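Asker: The following block contains a protein sequence and its predicted model.
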Amino acid sequence: MSALPQKLGKLSSIFSKSVQQAQPVDALLSRLPLTLYPVSAPEEEIIESVRDYELDLFSKIPPQIKSDFVNEKVDINIPNPHVFISTDRERGTNKYVIIEPPLDQNSILIYLKYIKELERRLLEEGKEINVANVVKEVSLKSKGIAEFTGNRLILSIPARVATYYLLRNVFGFNLLTPLVSDPNIEDISINGLSSPVFIYHREYEYIPTNINFAKLSLVNQPINGQDLLDQTLLRLVYLAGKTISVASPIADGMLPEGDRIAATFRREVSVKGSSVVIRKFAGRPITILDLIISGVMSPEVAAYLWYAIDLRMTFMVMGVTGAGKTTILNAILNLVKETNKVVTIEDIPELRLAQDNWVQLTARQAYGDTGKEISLMDLVKLSLRYRPDIIVVGEIRGAEAYVLFQAISTGHGGATTFHAYDIESAVKRLMNNPLNIPQEWIPMMNLGITIRRLPLVTRDGKIELKRRVVAIDEIVEWNDFRRSVTWDPKLDQHRLEVDSAKVMRARLEEMGKGLDEASEEIMRRSSYLSRLSRIPSVVQDPESYKLVKRYIVKYSMKPEEAMREVSILAK
Ligand SMILES: Nc1ncnc2c1ncn2[C@@H]1O[C@H](COP(=O)(O)OP(=O)(O)O)[C@@H](O)[C@H]1O
Ligand SMILES: [Mg+2]
């Protein structure tokens with residue numbers, strides 16, 4: 001089962017005489033900043049595992065680096081980390097065990113040589129460093145760690161291990177890098193110094209890992225976990241373009257790859273020491289078709305929302321943190337007509353629209369003496385001057401809620417998300433302190449979409465957490481909601497009741513249309529979406545949100561032709 005370390009063990013005999021003289025490595029290591037230590041989670045015996053898989057370190061390393069290795073003709077067959085989902089004996093739960101390539105004295109020495117050369121070049125050349133060339137030059141200078149085969153440079157096992165740690169530390173986040181590169185992980189939380197790092201795994205939910213900053217060592221020397229944690233956090237915050245300090249101990253932001261971080265520094269506001277949450281960026285935006293395929297909503301529900309947004313009905317998505325509110329908001333916004341102008345306003349830019357006429361605004365904190373804070377509320381006010389058709393606030397929490405309601409009460413389209421369990425509690429919270437939305441403004445928000453994650457029994461009898469739109473309410477008055485979409489937990493089925501769509505009916509009547517006509521159109525769009533969701537080349541495209549948009553535009557221009565096209569393509 002633990003194939004990786006064994007494989008490495010066998011292969012390491014290929015280059016037997018690796019490094020000539022043994023030197024004490026701890027003295028050499030002590031010159032390095034902690035984040036460059038090649039430290040990893042302690043080895044762990046794996047008795048049984050429910051699943052194991054290999055990770056691709058290169059998935060999180062700039063593509064340029066990989067091409068540099070190819071160009072320099074250095075074999076980059078570096079060992080990858082391996083994940084085991086095993087049992088945590090203390091807790092009796094699943095546990096995420098990451099095993100990285102094991103280091104020995106040789107590989108540490110090679111690693112140190114790489115770092116030293118890297119430092120030298122950084123000081124001398126100061127700009128872009130070709131890491132592949134560093135690995136090549138150093139390996140050629142030292143005896144026994146690399147050999148030419150044909151014209152390719154093959155590294156010895158210790159040199160490959162050293163290269164692994166080099167890439168991991170220079171381009172990653174030290175021992176958190178494997179977690180960040182695991183596509184099965186949705187978020188990573190470090191809750192303090194002495195508890196294990198927890199992850200949210202797509203299949204196993206929140207489970208502990210074998211990484212614990214308080215229990216790290218390298219070549220039998222204990223590592224100062226507090227310092228390593230603080231330095232890792234500082235690096236993350238720095239990469240997000242933010243600062244954190246004792247004076248200002250909270251930070252949030254976005255890493256260059258799109259992952260979001262939030263952090264607290266030392267014990268200033270978090271009792272157990274520095275804490276960090278990394279919420280991973282889903283590689284490509286989840287589309288309405290993905291939501292249909294995974295049963296979050298039915299094609300009819302999606303078509304109803306598509307129709308509603310064409311009528312410029314306003315909506316808010318409700319649910320708890322992580323329920324999938326922002327995801328649904330994004331998927332619906334990608335159904336907006338191309339002729340509409342959308343302005344989005346967020347704290348952290350999460351939304352990704354395939355709309356060309358889209359202004360994306362983000363708030364910022366005050367910095368220094370001169371940097372003025374720009375709040376969500378400032379941006380909502382500003383957005384009105386942009387003549388938007390639809391104003392989107394990523395999430396309403398404070399003063400921006402009032403301004404958003406004000407904006408939509410003057411006839412703008414609008415959408416947002418709101419942390420609430422259901423429509424009743426949402427409206428109650430909107431009307432009370434600190435949001436204080438006047439009662440008569442509440443129906444300016446036309447639709448309330450409630451999303452939850454709930455345990456469902458799958459076909460093979462297992463229980464799994466699934467996301468489901470559990471209700472859509474049309475808001476007639478602050479105390480009068482008409483449920484147009486319901487969800488049956490037993491059958492796991494959505495039901496659209498157009499007759500309850502009182503707000504939509506009123507909107508249609510203003511335009512001289514009736515609900516019957518709307519209902520027929522919703523059914524047509526439903527079958528259109530349903531067919532689209534059965535076209536693998538559309539659904540699986542890495543940029544599928546753009547393709548979906550194209551098909552939405554196509555339908556709005558020439559519905560019959562578009563329908564014909566997808567009918568042919570659908571399986
Ligand atoms: N339907 C879905 N399928 C797969 N992943 C999802 C889905 N909805 C949300 N996610 C993932 O779950 C995480 C939280 O979703 P998000 O929409 O940000 O939640 P919220 O806004 O309610 O806090 C994100 O990583 C997101 O990519
Ligand atoms: Mg959100």
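Answerer: Nice, I can see it. Ligands and ions are numbered 1, 2, ... in the order given.
Asker: Bridged to the residue of the stretch 451-571 of the chain found nearest ligand 2, which residues?
Answerer: Closest approach between the stretch 451-571 of the chain and ligand 2, counting by Cβ to the ion: residue 451, at 10.6 Å. C-beta coordinates here come from the backbone N, C-alpha and C atoms, glycine included. With beta bridges defined as DSSP bridges, residue 451 has these partners: residue 469.
Asker: doesn't residue 471 make contact with it?
Answerer: No. The pair residue 451 / residue 471 is not scored as a contact, 9.2 Å apart, by Cβ atoms under 8 Å.
Asker: And the two? Which one has more around it.
Answerer: Just comparing residue 451 and residue 471: by other Cβ atoms under 10 Å the higher neighbour count belongs to residue 451, 24 against 20.
Asker: Enumerate every residue touching that one.
Answerer: For residue 451, the contact set (Cβ atoms under 8 Å, 6 or more residues apart in numbering) comprises 296, 317-319, 323-325, 328, 467-470.
Asker: Show me the strands in the stretch 451-571 of the chain, by range?
Answerer: With DSSP state E, counting those that start in this stretch, the ranges of strands along the stretch 451-571 of the chain come out as 463-477, 480-488, 493-496.
Asker: Output those strands in JSON lines; the columns should cover mean pLDDT and distance to residue 187.
Answerer: Formatted as JSON lines, the strands of the stretch 451-571 of the chain follow (pLDDT from 0 to 100; distance: least, Cβ to Cβ, whole Å):
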{"stretch": "strand 463-477", "mean pLDDT": "95", "distance to residue 187": "14"}
{"stretch": "strand 480-488", "mean pLDDT": "98", "distance to residue 187": "26"}
{"stretch": "strand 493-496", "mean pLDDT": "98", "distance to residue 187": "28"}
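Asker: got the domain boundaries for this protein?
Answerer: Listed domain ranges for the chain are 3-279, 288-512 (source: automatic domain parsing).
Asker: hey, least reliable of the ones you listed by pLDDT?
Answerer: Set side by side, those give their lowest mean pLDDT on domain 3-279, at a mean of 85.
Asker: Would you mind listing what in this protein touches ligand 1?
Answerer: Neighbours of ligand 1 within the chain, by Cβ under 6 Å from any ligand atom: 186, 280, 282, 286, 291, 294, 296, 319, 321-327, 417, 467.
Asker: So what would you say the end-to-end distance of stretch 283-301 is?
Answerer: 25 Å (Cα to Cα, to the nearest Å).
Asker: residues contacting the nearest residue to residue 412 once chain neighbours are set aside?
Answerer: Spatial nearest neighbour of residue 412, chain neighbours left out: residue 391 (5.4 Å); criterion: Cβ to Cβ, 6 or more residues apart in numbering. Residue 391 is in contact with 343, 345, 380, 383-384, 404, 407-408, 412-415, counting by Cβ under 8 Å, 6+ apart.
Asker: What's opposite residue 391 in the beta bridge?
Answerer: Beta-bridge partners, per DSSP bridges, of residue 391: residue 343, residue 414.
Asker: I'd like the distance between residue 446 and ligand 1.
Answerer: 20 Å (Cβ to the nearest ligand atom, to the nearest Å).
Asker: do the same with residue 455
Answerer: 16 Å.
Asker: show me the contacts for that residue.
Answerer: Residue 455 is in contact with 463-466, counting by Cβ under 8 Å, 6+ apart.
Asker: for the stretch 101-250 of the chain, what spans make up the strands?
Answerer: So, for the stretch 101-250 of the chain - with DSSP E, counting those that start in this stretch - the strands run 146-149, 152-155, 185-190, 198-201, 205-208, 217-218, 221-222, 250-254.
Asker: Is it possible to get a markdown table of these that adds distance to ligand 2 and mean neighbour count?
Answerer: Formatted as a markdown table, the strands of the stretch 101-250 of the chain follow (distance: least, Cβ to the ion, whole Å; neighbours: other Cβ atoms under 10 Å):
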| stretch | distance to ligand 2 | mean neighbour count |
| --- | --- | --- |
| strand 146-149 | 48 | 14 |
| strand 152-155 | 44 | 18 |
| strand 185-190 | 12 | 20 |
| strand 198-201 | 15 | 20 |
| strand 205-208 | 18 | 16 |
| strand 217-218 | 38 | 14 |
| strand 221-222 | 40 | 12 |
| strand 250-254 | 13 | 19 |
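Asker: Next, the contact list for residue 377, please.
Answerer: So residue 377 contacts 398-400, 402-403 (Cβ under 8 Å, 6+ apart).
Asker: which stretch of helix or strand covers it?
Answerer: Assigning secondary structure by DSSP states H and E places residue 377 in helix 376-383.
Asker: Go ahead and produce PDB holding the CA coordinates of that helix.
Answerer: Coordinates of each C-alpha in helix 376-383 appear next as PDB, following Å, rounded to 0.1, in the frame of the first residue of the first chain:
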ATOM      1  CA  LEU A 376     -18.700  47.900  -0.100                       C
ATOM      2  CA  MET A 377     -21.200  50.700   0.600                       C
ATOM      3  CA  ASP A 378     -19.000  53.300  -1.100                       C
ATOM      4  CA  LEU A 379     -18.800  51.000  -4.100                       C
ATOM      5  CA  VAL A 380     -22.600  50.400  -4.300                       C
ATOM      6  CA  LYS A 381     -23.100  54.100  -4.300                       C
ATOM      7  CA  LEU A 382     -20.500  54.500  -7.000                       C
ATOM      8  CA  SER A 383     -22.000  51.700  -9.100                       C
END
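Asker: Pull the distance from that helix to the chain's centre.
Answerer: 26 Å (Cα atoms, centre = their mean, to the nearest Å).
Asker: what do you get for stretch 110-130?
Answerer: In terms of Cα atoms, centre = their mean, the centre of stretch 110-130 is set 32 Å apart from its chain centre.
Asker: and what of stretch 410-418?
Answerer: With Cα atoms, centre = their mean, you get 25 Å for stretch 410-418.
Asker: Go through that stretch and flag the buried ones.
Answerer: 412-418 (16 or more other Cβ atoms under 10 Å).
Asker: Equivalent analysis for stretch 269-280, please.
Answerer: Result for stretch 269-280 [16+ other Cβ under 10 Å]: buried residues 270, 273-280.
Asker: What of stretch 424-443?
Answerer: For stretch 424-443, burial by neighbour count (16+ other Cβ under 10 Å) applies to 426-427, 429-430, 435, 437, 441-443.
Asker: again, but for stretch 152-167
Answerer: Applying 16+ other Cβ under 10 Å to stretch 152-167 flags 153-167 as buried.
Asker: What is the nearest of these to ligand 1?
Answerer: Each of the buried residues of stretch 152-167 was checked against ligand 1 using Cβ to the nearest ligand atom; the closest is residue 167, at 25.3 Å.
Asker: That closest one contacts residue 61, correct?
Answerer: Yes. Contact status for residue 167 versus residue 61: in contact at 5.6 Å, counting by Cβ under 8 Å.
Asker: Ligand 2 contacts on the stretch 351-500 of the chain?
Answerer: By Cβ under 5 Å from the ion, no part of the stretch 351-500 of the chain sits against ligand 2.
Asker: Which part of the stretch 351-500 of the chain gets nearest to ligand 1, residue-wise?
Answerer: Closest to ligand 1 within the stretch 351-500 of the chain is residue 467: 4.7 Å, counting by Cβ to the nearest ligand atom.
Asker: Helix, strand or coil: sort out the residue in the stretch 401-550 of the chain positioned nearest to ligand 2 for me.
Answerer: Relative to ligand 2, the nearest point of the stretch 401-550 of the chain is residue 417 (5.5 Å; Cβ to the ion). Three-state call for residue 417 (DSSP: H, G, I helix; E, B strand; the rest coil): strand.
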